[in-house]
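Undergrad: test case, fold it:
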Amino acid sequence: MPPALNIIALATFSAALSARALDPVLPHVAEDFSVSIATAASFAAAFAFTFAIIQPVLGAFADIFGKARLMIVCLALLGFANILGAMATSFPLLFASRILAGIGSGGVFPIALGLTSDLVGAEKRQVAIGRTLAGAMTGNLLGATVSGLIGDFLGWRGVLAVLGGVVVLASIVVAIGFR
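TA: Down below sits the predicted model:
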């Protein structure tokens, strides 16, 4: 297997971390912005919706602009959106940052699968895609757990700031790895 698959798995891992990251700290978000927990949970739906609708669009753009280049842009957008969310002064701004995060995260997955398919022959493709998806699944599973721990020490803003830093670091690794 090409070593670049590790970089792709890192990208999907870091993108998936953000999906459920705020779930454990929703009560704190609701309290800070004086909204109900149900209202605070609405940005999970906004993230998921934009995540889903952007995938076919960005998957097609990846063929036009270059898969690695667009993955770097999506990761940078996701990192920026998380950091912007950490600095949000209003619930609408946090909500908008979660929409941007959904776009960034949603763009990583179709591109990662396309890159994986490009790098590996048909005889090893199932294993390679499995490894790429393992990165995503691990990120999704650890996202809520780790953010709960971070939230206990740094609050919900700390969760988004740390995630933003992790994703920006992943975008740098992808940029170096796919030069």
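Undergrad: from here on, contacts and neighbour counts on C-alpha atoms
TA: Noted.
Undergrad: for this structure, what helix or strand is lowest in average pLDDT?
TA: Least confident helix or strand, the chain: helix 42-65 with a mean of 91, by mean pLDDT, DSSP states H and E.
Undergrad: which other residues reach it?
TA: Contacts of helix 42-65 with the rest of the structure, by Cα atoms under 8 Å, 6 or more residues apart in numbering, involve 19-20, 23, 68, 70, 95, 98-107, 109-111.
Undergrad: quick check: closest non-adjacent residue to Phe33.
TA: Distance criterion Cα to Cα, 6 or more residues apart in numbering; nearest residue to Phe33, sequence neighbours excluded, is Phe91 at 6.0 Å.
Undergrad: surely the one you found meets Ser36?
TA: No: Phe91 is beyond contact range of Ser36, at 11.3 Å (criterion: Cα atoms under 8 Å).
Undergrad: and the two? which has more neighbours close in?
TA: Per other Cα atoms under 10 Å, whichever of Phe91 and Ser36 has more neighbours is Phe91, with 19 against 13.
Undergrad: next one, pLDDT for the more buried one please.
TA: pLDDT for Phe91: 96.
Undergrad: distance check, it against Ser34.
TA: As judged by Cα to Cα, to the nearest Å, Phe91 and Ser34 stand 9 Å apart.
Undergrad: list the buried ones in stretch 117-124?
TA: Under the neighbour-count criterion of 16 or more other Cα atoms under 10 Å, stretch 117-124 has 117, 119-120 buried.
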